[in-house]
Structure formats: C-alpha cells, structure tokens
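Undergrad: got a sequence here, can you build the structure:
(one chain, ligands or ions: 1)
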Amino acid sequence: MSRIAYVNGRYIRHAEAGVSIDDRAFLFSDGIYEVIEVFQGALIDERGHLDRLARSAGALRLTPPLSEAALKFVMRELVARNRVRHGHVYLQITRGAARREHVFPSAKTPTTLVAFAQAHDPDAGEAKARKGIAVISVPDIRWKRPDIKTVSLLPNVLAKQQAREAGAYEAWLVDADGFVTEGASSNAWIVDKQGALITHPADSAILSGITRARILEIAKAKGLALVERAFTVAQAHDAAEAFISGATTLVMPVVKLDGRPIGAGAPGPVALGLRAAFHEFAVKSG
Ligand code: PLP
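TA: So this is what the prediction gives:
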C-alpha cells in the first residue's frame, strides 16, 4: 500500500507529493507545524494541538488555508487512507510560494498546507521506555521565540545529531545561565529526591508541549507535587529520576545524562507510572 499525503487540497501518493521551490518554508523556514499522536486510530489531544497551531499562526501572521473543521477532516482522512493505528499526523502551514524576497508576499498569496500520517511500532516505543534513554547537554543556541512551533529547527537538528553521535537519544538544551530549557524535540523533566516533578515554566524559552500540559494534569490528579521551574544540569544529576515528554515519545524515562547515570540508572516508578497513566488517558479519549 502506498502512503498518501495531503498537499494543498489534494490527496497524493507520498512519493510524488511536493511543493514549489519558491515555497517560503523551503527558502526562509517561514512556516509552522504540528505533530499529533495517533493512538488506536484516534488523534490524541487534538484540541490542544489545534489551539497551539492557531497561536503559532497568529504569531507569524499566517492565515491557515482551511477551517479547523476541514483540518480535522483531512487529518482523519490521512489516518484512514494510510491505515495508521499507532503513529502520528504531521501538519505544516507555510506562507506559500512567491518570488524570493524577505518581506511577506502579497496577502493574496495562498498559504501552503502539507499533511501526512506516519505509523510507529508501539512495541518499539515500549521497549525503549523499559530501557530508558541517554541524553547529553548542549548549549541552547536557538532564537528567542522557541515557544512558536516553527519549522525553523536547525539548532534542534544539530543538537539531536550531536546526541546521536554521542550514543544518546536526546539533547537537553542549556541556556546561558546553566538551566535546562527543554530537549531538541521534547520537554525535559526531573523528579527530585522528595518526589516533586520539576519542569521549566511554559514561558517564551520553551515550546509549551501538549504532552507536557497533559502530564501536569495527570500528575495533579495523582496528587504528585509539581514545580514549574528551571533546573540545572547539576540538579538533574542529583535527581531521583528524569524523563522527556512529547507527542511521539510520550513519557520517556531518561537514565543517563552526559554519560552519568541518573538516580538508580534505570527507568523510575514516577516516569513509568506517568507513561502508563498517559496510555490510559489515550485509551479513554479514543
Ligand atoms: N519541545 C520541542 C522543542 C519540541 O519539538 C516538542 C515536540 O516536537 C516538544 C517540546 C513537545 O511538544 P508536544 O508534547 O506538543 O509534542
């Protein structure tokens, strides 16, 4: 079965799908995106993702080419046509194709909408969570608005590549004051020795993760102590547990930071409990 993508109003074979070389995202990374988890065929936390997409569009003064109802329809269609049971839907909106000039093109230029669905092997994710992942710390060299979900991801790409070459899965980005902001493609969390969950506040220094918000809700319902504050690499080394969160990784335990084990050097009960609770939430919302 060939994969089907959506490009500007058409469902098209993924291998044949494309946009203009004049597209502003190709030339200037002038675009926004969302990644939404698909769990048992359902789009998880769709509301939160669509709200964030609208916020990103507003920040860049982009007008999505489709209504929200139409976007929802396209995403469901992609899940169905690609027979995705577990995986994600990727959605990207750009400022469209226009003669290369930094300033915005005429307001009449249609924005570009590309979307596709991708399947994941859920067992591989579970196996990874049972083992835990390693992370490295790298300087956060991004622009000052990582809270907007733009396709301008070069520092994230370089950080992730550095992590892979160091035998790690994720890179934690560290600001000029020594605080971990977030991961290259995830939010960063620690659990201190008193059992409190600590994560960077959702200010302009991080992307306000939809999974992060859901975990905060779940943790609150479980009665866990929550502290939204930045933590340093040293504090992470001293933590009982650590994990990352994101729509594709969900809650993923971190067992090593810069080559040194965190806590017992194995996935901890808080992270694994939150991962299980997130799955339960996903089952219920399916
Ligand atoms: N932070 C960054 C930089 C990301 O790229 C992502 C996800 O791609 C996240 C955090 C997690 O966000 P979400 O939970 O909405 O997937």
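
Undergrad: residue 167 and residue 134 touch, don't they?
TA: Yes. Using C-beta atoms under 8 Å, residue 167 is in contact with residue 134, at 6.5 Å. Heads up, the C-betas are built off the backbone N, CA and C, glycines and all.

Undergrad: of these two, who's got more company?
TA: Comparing residue 167 with residue 134 by other C-beta atoms under 10 Å, the one with more neighbours is residue 134, at 20 against 10.

Undergrad: near the ligand, which residues of this protein?
TA: Within the chain, the positions lying close to the ligand (C-beta under 6 Å from any ligand atom) are 35, 156, 182, 185-187, 207, 209-212, 245-247.

Undergrad: strands - which of those land there?
TA: Among these, the ones falling in strands (DSSP state E) are 35, 182, 187, 245, 246.

Undergrad: make a ChimeraX selection of whichever of those residues turn out to be buried.
TA: ChimeraX command restricting those to the buried ones, with burial defined by 16 or more other C-beta atoms under 10 Å:
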select :35,182,187,245,246
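
Undergrad: pick the one among the ones in strands among the residues of the chain next to the ligand closest to the ligand.
TA: In terms of C-beta to the nearest ligand atom, no member of those lies closer to the ligand than residue 246, at 3.8 Å.

Undergrad: what is that closest one paired to in the beta sheet?
TA: Counting by DSSP bridges, residue 246 is bridged to residue 250.

Undergrad: hang on, the earlier thing: in TSV, list the residues of the chain next to the ligand along with pLDDT.
TA: Compiled in TSV, the residues of the chain next to the ligand are given as follows (pLDDT from 0 to 100):
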residue	pLDDT
35	98
156	98
182	98
185	98
186	98
187	98
207	98
209	98
210	98
211	98
212	98
245	98
246	98
247	97
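
Undergrad: and those residues as CSV, adding distance to residue 1?
TA: As requested, those are exported to CSV (distance: C-beta to C-beta, whole Å):
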residue, distance to residue 1
35, 22
156, 32
182, 36
185, 28
186, 30
187, 34
207, 33
209, 32
210, 29
211, 29
212, 34
245, 32
246, 27
247, 24
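
Undergrad: go through those and name the one nearest residue 173.
TA: residue 182 (6.1 Å; C-beta to C-beta).

Undergrad: which residues are in contact with the nearest residue to the closest one once chain neighbours are set aside?
TA: In space, and not counting its chain neighbours, residue 182 is closest to residue 206: 4.4 Å by C-beta to C-beta, 6 or more residues apart in numbering. The contact partners of residue 206, by C-beta atoms under 8 Å, 6 or more residues apart in numbering, come to 146, 147, 181, 182, 187, 200.

Undergrad: tell me the pLDDT of residue 206.
TA: At residue 206, the predicted lDDT confidence score is 98.

Undergrad: same question for residue 285.
TA: Residue 285 is assigned 85 on the pLDDT scale.

Undergrad: hmm, it is touching residue 41, no?
TA: No. With contact defined as C-beta under 8 Å, residue 285 does not count as touching residue 41 (11.6 Å).

Undergrad: where's the residue positioned nearest the centre of the chain relative to residue 111, distance?
TA: Of all residues in the chain, the one closest to the mean position by C-alpha atoms, centre = their mean is residue 246, 4.7 Å from it. Distance, residue 246 to residue 111, using C-beta to C-beta, to the nearest Å: 26 Å.
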